[in-house]
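Participant: I'd like to go over a predicted model; first the sequence, then the structure.
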Amino acid sequence: MRRSNPLPDGGAESGSAAVEFLTLGVLLLVPVVYLVLVLATLQGAAFAAEGAARQAARELVLAPTDADGRRAAAAAVEVGLVDWRIPESAAAVDVRCAPDPADCLVPRGSATVTVRVAVALPLLPPALRLGTPGAIPVEATAVQRVSMFEVAR
């Protein structure tokens, strides 16, 4: 009986395609999946930092007193981080007011809130997470103007 596609060496390569596919598939798929996890974690941290900074700045300029505004801003940052499952210990908040740094409610002034978040890379052991090269910093800043009619409140 004649073969339709005769091989010169008698078919010495039969059965190796599955092994090659699995080996290369695992070697290529694992880094791609990890990259997707890292990008999703960073995007979530960016959303958390941006939302927390924006809401904190709004709370600060709409409060009746400066002390109430700072308390409401701290609460807004905490809620914004909890929504994205970021521990409050991983964030640093900086509030700056102009023209008077001691009072954010000066008419026509501005309040600038900066939220910095240290994002731990996924799948790292807890001992290597924060404060090491395994943490990536993400920062967001929001500026809100105080109404020129602030004195009327």
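Facilitator: Looks like it arrived, so ask away. Residues are numbered from 1 along each chain as shown.
Participant: any idea of the mean pLDDT in the top helix by length along the chain?
Facilitator: Taking DSSP state H as the criterion, the chain has its longest helix at helix 17-62. Average pLDDT, helix 17-62: 91.
Participant: what residues sit buried inside whichever helix or strand comes after that helix?
Facilitator: Once helix 17-62 ends, the next helix or strand along the chain (criterion: DSSP states H and E) is helix 66-83. Across helix 66-83, burial judged by 16 or more other CB atoms under 10 Å covers 66, 69-70, 72-74, 76-77, 80-81. For every residue, glycine as well, the C-beta is placed using N, CA and C.
Participant: now do the residue lying closest to Pro122 once chain neighbours are set aside against Gly44, distance only.
Facilitator: Distance criterion CB to CB, 6 or more residues apart in numbering; nearest residue to Pro122, sequence neighbours excluded, is Leu37 at 4.5 Å. According to CB to CB, to the nearest Å, Leu37 stands 11 Å off from Gly44.
Participant: more neighbours: which of the two?
Facilitator: Gly44 (17 against 13; other CB atoms under 10 Å).
Participant: thought the more buried one was touching Asp83?
Facilitator: No. Look at Gly44 against Asp83 with CB atoms under 8 Å: they stay out of range, at 9.6 Å.
Participant: most centrally placed residue in the protein?
Facilitator: In the chain, the residue lying closest to the centroid (CA atoms, centre = their mean) is Ala45, at 1.3 Å.
Participant: who are the contact partners of that residue?
Facilitator: 84, 86, 117, 119, 136, 138 (CB atoms under 8 Å, 6 or more residues apart in numbering).
Participant: most neighbours among the residues you listed, which one is it?
Facilitator: Counting by other CB under 10 Å, top hit in the contacts of Ala45: Val117 with 25 neighbours.
Participant: next helix or strand past the host helix or strand of that one?
Facilitator: Val117 belongs to strand 110-120 when assigned by DSSP H and E. Sequence order places strand 135-145 as the next helix or strand after strand 110-120, per DSSP H and E.
Participant: now do the buried residues in that following strand.
Facilitator: So strand 135-145, judged by 16+ other CB under 10 Å, has buried residues 135, 138, 140-142, 144.
Participant: understood, closing this out.
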